[in-house]
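Enquirer: below: sequence and its predicted model.
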Amino acid sequence: MSILKEIPELLHEGVITQQTADRIQDYYKSKKGSPTTKLFIVFGVLGAILVGLGIILIIAHNWDELTRTTKTIFAFLPLIIGQLLNGWVIIKKSESIAWRESVSVFLFFAIGASISLVSQIYNIPGNLSSFLLTWMLLCIPLIYLMKSSVSSLLCLAGITYYATQASYWIYPSSESYLYWVLFLLILPHYYQLYRNKPRSNFMIFHNWMIPLSLVITLGTLAGKYDELMYVAYMALFGILSLIGEKEFFSKQRTFSNGYRIIGSLGTIIVLLMLSFSWFWDHLRKTEDNLNELVRSAEFLSSIVLIALALVLLLYRKKEWRLDKINPFALIFLLFIPTYIIGLNSSTAIILINLFGLALSVLTILQGARKNHLGILNYGLLIITALVVCRFFDSDMSFVLRGVLFVLVGVGFFVSNYVMLKKRKSDE
């Protein structure tokens, strides 16, 4: 921190007292944590993972030569060691983040290893999704017992894998509704991080992992009326964008705000996908039973997500100023009537392309206003993506397509040149 470098000079000039200097140093130490402590946490977690994997490899090398009793003992040995270590840390080292995270990670993998080994020894039937579900159910208490953020991240990854395995990767697919229950069980720890350690690296990792998990898993609700999931996804990306615009997240560095980035990228990807005619042609040919439709998981999830997005939008109504509104957070409102129009008309394709073009222009203007090259080029990349999509989806001549690419390239060069020149003149 630059303010810490200025403390000796401030003391010498008599601007602050030694007591004030000590208080400033203590504040920033407690806020940031020392580099040594952070390294200890990282290497402690990596060490726990490597030790666990090493034990498994040693046992696996001689596995076939062991008796069933010996195998059972080895199956439970990592679990017992992990529990003893966690108990010791709770009693003796409860204030040490490094110790808590290390032993909880070791126990996390020990639980998974014990379940799989016992199943193999006694030929207990099951599949990967049921194994993951059992593993995560047993590990979620670790998050709160050990106050372990790494365990929280591992559980988020585990329940996401469980949901995708159950609903995406096996046939016939099975319901993965328990994912949402497990996800809600993890959220209280995220709230504790928000209240107690809002600027920690663990908080930043959760800011990415939670929206990623939701985006990956929302598709598991798709069934007979999977076209409606585009509405649900647009509402979800609107929610993520609105969360990313909250004061707490908007003040963070760009790459620390996973909600804003995922919400923005997700919105653009959906718009690009629907800018082709194939989806709308299929939608107009689909004949749906209205009674079944309104009772479907796709319809209910869309309604719930739209309602949540509207609540968040109304909550931020005091900030409805032109320079404060994030267009990515509002596009879901325009998408709903567009989807309805698309049921009977091809006009929806034009509207979708216009939405993408409007978002790119507004992003470029925002980048110019903030003098931010990253935002400016992001807007230009959106235009480039639209041009590429139209390259493969229109009857334009190759000459016209070439002209469009040239114009976009010139736009990249001119806009960056003008902004860099402006920065030099300001300096």
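Expert: Received, thanks.
Enquirer: from here on, just use CA atoms for contacts and neighbour counts.
Expert: OK.
Enquirer: low-confidence stretches in the stretch 251-400 of the chain?
Expert: 288, 317-325, 393-400 (pLDDT under 70).
Enquirer: mind redoing it with 80?
Expert: The stretch 251-400 of the chain contains residues with pLDDT under 80 at 251-254, 285-291, 293, 316-325, 368, 370-373, 390-400.
Enquirer: show me where it has its helices.
Expert: For the stretch 251-400 of the chain, the helices defined by DSSP state H, counting those that start in this stretch occupy 258-273, 277-285, 290-295, 297-315, 331-342, 347-370, 373-391, 398-426.
Enquirer: of all these, which lies closest to Leu178?
Expert: helix 297-315 (14.3 Å; Cα to Cα).
Enquirer: so how far is the closest one from its chain's centroid?
Expert: On the basis of Cα atoms, centre = their mean, to the nearest Å, helix 297-315 sits 19 Å off its chain's mean C-alpha point.
Enquirer: elements contacting it?
Expert: Under the contact definition 3 or more Cα pairs under 8 Å, 6 or more residues apart in numbering; DSSP states H and E, helix 297-315 sits against helix 229-244.
Enquirer: what sits up against the helix it packs on?
Expert: 211, 215, 218-219, 222, 249-250, 257-264, 266-267, 270, 298, 301-303, 305-306, 308-309, 312-313, 326, 328-332, 335-336, 339 (Cα atoms under 8 Å, 6 or more residues apart in numbering).
Enquirer: now for Val294: which residues touch it?
Expert: Residues near Val294 by Cα under 8 Å, 6+ apart: Leu300.
Enquirer: Gln192 versus Arg100, what's the distance?
Expert: For Arg100, the distance to Gln192 equals 16 Å [Cα to Cα, to the nearest Å].
Enquirer: kindly report the same for Ser415.
Expert: 43 Å.
Enquirer: picking that back up, and the buried ones among the contacts of helix 229-244, selectable in PyMOL?
Expert: To isolate the buried members of the contacts of helix 229-244 in PyMOL, using 16 or more other Cα atoms under 10 Å:
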select buried, resi 211+215+218+219+222+249+257+258+259+260+261+262+263+264+266+267+270+298+301+302+303+305+306+308+309+312+313+326+328+329+330+331+332+335+336+339
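Enquirer: tell me the pLDDT of Glu175.
Expert: We note a pLDDT of 75 for Glu175 in this prediction.
Enquirer: swap in the one 3 residues further on?
Expert: At Leu178, the model reports a pLDDT of 91.
Enquirer: now Ile91
Expert: Value listed for Ile91 in the pLDDT field: 90.
Enquirer: repeat for Ser213
Expert: Looking at Ser213, the pLDDT reads 95.
Enquirer: from Trp280, how far out is the residue nearest to Gly356 when sequence neighbours are not counted?
Expert: Spatially, and ignoring its direct neighbours in sequence, Gly356 is nearest to Leu271 (6.5 Å; Cα to Cα, 6 or more residues apart in numbering). Distance of Leu271 to Trp280, computed by Cα to Cα: 12 Å.
Enquirer: same check, this time on Ile73
Expert: 60 Å.
Enquirer: more neighbours, those two?
Expert: Between Ile73 and Trp280, counted using other Cα atoms under 10 Å, the more crowded position is Trp280 (23 against 14).
Enquirer: what sits against the more buried one?
Expert: With Cα under 8 Å, 6+ apart, Trp280 has these contacts: 274, 342-343, 346, 348-349.
Enquirer: thought Gly379 was touching Gly356?
Expert: No: counting by Cα atoms under 8 Å, Gly379 stays clear of Gly356, with 9.9 Å between them.
Enquirer: ok, back up a step: who has more neighbours out of Arg100 and Gln192?
Expert: Arg100 (25 against 13).
Enquirer: that one contacts Leu145, doesn't it?
Expert: No: the pair Arg100 and Leu145 fails to qualify as a contact (Cα under 8 Å) at a distance of 9.7 Å.
Enquirer: Pro327 contacts Leu357, doesn't it?
Expert: No: at 11.8 Å, Pro327 does not count as touching Leu357 under the criterion of Cα under 8 Å.
Enquirer: how about the helices in the stretch 1-150 of the chain?
Expert: So, for the stretch 1-150 of the chain - with DSSP H, counting those that start in this stretch - the helices run 2-12, 18-32, 35-61, 68-92, 97-121, 128-145, 149-167.
Enquirer: list the buried residues in the next helix or strand after the last one.
Expert: Scanning forward in sequence from helix 149-167, with DSSP states H and E defining helices and strands, the next element found is helix 178-196. Of the residues in helix 178-196, those with enough neighbours to count as buried (16+ other Cα under 10 Å) are 179, 182-183, 186, 189-190, 193-194.
Enquirer: what's the domain layout of this structure?
Expert: 1-32, 222-427 (automatic domain parsing).
Enquirer: this completes my enquiry, with thanks.
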